[in-house]
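J.: Quick one: sequence and predicted model below, then my questions.
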There are 2 protein chains.
Amino acid sequence: VVEAGGKNRKDSSGYNLHRLIIGSEGTLAVVTKAILKLLPLPRHRSILLAPFPTLERAAQGVNAIFWTGITPSALEIMDRRSIELGARLKEKEFPFMQAEAHLLVEVDGNEEDRVARDLEKIGEALVHVGALDVLLATERRKQEELWEIRRVIADALKAFSTYRGVDTVVPRAQITDLVVAAREVGEKHDLEVVSFGHAGDGNLHVNLLRTEAQATDEEWEAALHAAHADVVRAAIALGGSISGEHGIGLTEREHMTLRHSAPAIELMRNLKAVFDPNGMLNPGKVFP
Amino acid sequence: VVEAGGKNRKDSSGYNLHRLIIGSEGTLAVVTKAILKLLPLPRHRSILLAPFPTLERAAQGVNAIFWTGITPSALEIMDRRSIELGARLKEKEFPFMQAEAHLLVEVDGNEEDRVARDLEKIGEALVHVGALDVLLATERRKQEELWEIRRVIADALKAFSTYRGVDTVVPRAQITDLVVAAREVGEKHDLEVVSFGHAGDGNLHVNLLRTEAQATDEEWEAALHAAHADVVRAAIALGGSISGEHGIGLTEREHMTLRHSAPAIELMRNLKAVFDPNGMLNPGKVFP
């Protein structure tokens, strides 16, 4: 049993073991105790929903927000199909359902006037890059309604489609190129693409859905396999990575060599051997 | 040659190699290229200097600042002897030289009125916990004068004393206990203690100075050795660590066992062996 990390804001004594364990997907150690730092909940928050005529325009809106100098507490993108699927699952209408894409933006802070001013600036920036409208929600109930649109998408995909989600991530400035690339991959392989996610982090969940073009399960598996690799390649070509937050596990391990050089993977394998000489910790995961 | 890290805000693909390299003091790898993220310079900044009747009171001021919810861009503590030494080196008077301790607080941001309001709130909080006065500096020239007081201390120590600096760090809330413990260590070993540093990070540079009580170099070495270990023990007893920012190197390696368990040190040694099987990278440093 080893303890790593601690409550000190700075600690320059030996190697950063806890950062090595974080994200290692159970391949280095079994975490038996984790002490988390809590931040006080900000006293105020406000949300806006902005519809856009195209997905590219919404992605450009992400960059427009960061050029204001304001860092939102949440910044989510959703394409038209995400919203349609969510609305179908909840059996209700969402605002601006005809728009090709939406941004959901949340700002929080301890000063109400500052939160309001920041969100107003963001709204202006979004209209400037082509938002069709800006719907503000300052009341908690209305905020929950807008968040519900975003939260229901994953369940709707499960309910109404055969699909695989690819957890792409790119440097934030490349998010527009990524949404375009993902759509092109879908066209190439006759798959439907549903994109949504944490655009403010450059983290886009690109979902590849089976269509009528795949008559047999074999055709679907083949198209998915090829399209999945193409999406990962597109993200990496934009300076991105295989996975923003979901990890590698089994599904992405064959793509590790697209992201990391052979010496880097060899180094990681050797580090694992130090922690796990007998190969007992989540064997077969992460590495190709 | 291995590349690690990248421009993505999130990346869940394999182990966090670049965080392992950072702070490894050249014992794991030779860094041949580093790409840094730059933050835009905030448009406004403002500074205050607050004298206190005791060092403990100044340390309590650190916590009072964080209770306001404002995070300063700099928060430095200096004891009376630090200021005296600095003034002697620069051959001039600094403000409030009779005070036992000072806090230097900097706030920055893009909105001038907000910076002013935040610093005013901090000033009020400091007066509330016993600051003797609050000296505000909004002009650049005056700000540089106040910063000079802090910057000159290390040079003054070198010029006027025989000393060793101990780079203690504790969780921020323990900073008051640390300044008291450091003074007690000095009294116990007949050494003068000069404390200053990045109080906002819980990072205090405790300097142990030779006095007339150490007639011979051997007596000085013995007193220093014992006092140094006592200071490190005191920091660790408060939940702190050996070094906030200076690292371990040769001077602190014998204290590693005070901070890390034997299995943790063994693990670190084994990780080093993966990177450096022939023991060529900064040998003898960090580990006891």
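T.: Perfect, I can see it now.

J.: Past the helix or strand where residue A:150 lies, which element shows up next along the chain?
T.: Element membership for residue A:150, per DSSP states H and E: helix A:140-151. Using DSSP H and E, the helix or strand that follows helix A:140-151 towards the C-terminus is helix A:153-160.

J.: Say whether chain B is contacted by the very next helix or strand once past that following helix.
T.: Later in the chain than helix A:153-160, the nearest helix or strand by DSSP H and E is strand A:163-169. Yes: under the criterion of C-beta under 8 Å from any C-beta of the partner chain, chain B is reached by strand A:163-169 at A:167, A:169. From N, CA and C alone the C-beta is placed, and that goes for glycine too.

J.: So which elements touch strand A:163-169?
T.: Counting contacts by 3 or more C-beta pairs under 8 Å, 6 or more residues apart in numbering or on different chains; DSSP states H and E, strand A:163-169 is packed against helix A:153-160, strand A:203-209, helix A:217-237.

J.: Kindly reformat these as CSV and extend each row with mean neighbour count.
T.: Converted to CSV, the helices and strands packed on strand A:163-169 look like this (neighbours: other C-beta atoms under 10 Å in any protein chain shown):
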stretch, mean neighbour count
helix A:153-160, 17
strand A:203-209, 26
helix A:217-237, 18
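
J.: Output these in CSV; the columns should cover mean pLDDT and distance to residue B:148.
T.: Compiled in CSV, those are given as follows (pLDDT from 0 to 100; distance: least, C-beta to C-beta, whole Å):
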stretch, mean pLDDT, distance to residue B:148
helix A:153-160, 97, 56
strand A:203-209, 98, 45
helix A:217-237, 98, 49
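
J.: Nearest to chain B among these would be which one?
T.: Chain B lies closest, by C-beta to the nearest C-beta, to one member of the helices and strands packed on strand A:163-169: strand A:203-209, at 5.4 Å.

J.: Check whether that closest one comes near chain B.
T.: Yes: using C-beta under 8 Å from any C-beta, strand A:203-209 reaches chain B at residue A:203.

J.: contacting residues around the helix holding residue A:150?
T.: By C-beta atoms under 8 Å, 6 or more residues apart in numbering or on different chains, the residues outside helix A:140-151 that reach it are A:45-47, A:49, A:76, A:78, A:83, A:86-87, A:90, A:94, A:102, A:104, A:106, A:135, A:137, A:196.

J.: For the helix or strand where residue A:270 lies, give the mean pLDDT please.
T.: Using DSSP H and E, residue A:270 sits within helix A:262-275. Averaged over helix A:262-275, pLDDT sits at 98.

J.: can you tell me the average pLDDT over the helix holding residue A:150?
T.: For helix A:140-151, the per-residue pLDDT averages 92.

J.: Now it: buried residues?
T.: For helix A:140-151, burial by neighbour count (16 or more other C-beta atoms under 10 Å in any protein chain shown) applies to A:143, A:145, A:146, A:147, A:149, A:150.

J.: if we can go back for a sec, hmm, who's touching the helix holding residue A:270?
T.: With contact meaning C-beta under 8 Å, 6+ apart, helix A:262-275 is reached by A:20, A:27-29, A:256-257, A:260, A:281, A:286-288, B:1-4, B:14-15, B:17, B:267, B:270-271, B:273-275.

J.: In PyMOL, select just the buried ones from the residues you listed.
T.: Selection of buried members from those for PyMOL, criterion 16+ other C-beta under 10 Å:
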select buried, (chain A and resi 20+27+28+29+256+260+281+286+287) or (chain B and resi 2+4+14+15+17+267+271+274+275)
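
J.: first to last residue in stretch A:205-214, what's the distance?
T.: Length of stretch A:205-214, first residue to last, C-alpha to C-alpha, to the nearest Å: 22 Å.

J.: Now find how far off-centre it is within its chain.
T.: 18 Å (C-alpha atoms, centre = their mean, to the nearest Å).

J.: now swap in stretch A:280-288 and tell me
T.: Remark: stretch A:280-288 is offset 24 Å from the chain centroid, using C-alpha atoms, centre = their mean.

J.: Can I get it in PDB, CA atoms only?
T.: Extracted C-alpha coordinates of stretch A:280-288, given in PDB (Å, rounded to 0.1, in the frame of the first residue of the first chain):
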ATOM      1  CA  MET A 280      -2.800  -9.300 -12.800                       C
ATOM      2  CA  LEU A 281      -4.100  -5.800 -13.000                       C
ATOM      3  CA  ASN A 282      -6.800  -5.400 -15.700                       C
ATOM      4  CA  PRO A 283      -4.800  -7.600 -18.200                       C
ATOM      5  CA  GLY A 284      -5.300  -7.000 -21.900                       C
ATOM      6  CA  LYS A 285      -6.600  -3.500 -21.500                       C
ATOM      7  CA  VAL A 286      -5.100  -0.200 -22.900                       C
ATOM      8  CA  PHE A 287      -2.200  -1.800 -24.800                       C
ATOM      9  CA  PRO A 288      -2.400  -3.200 -28.300                       C
END
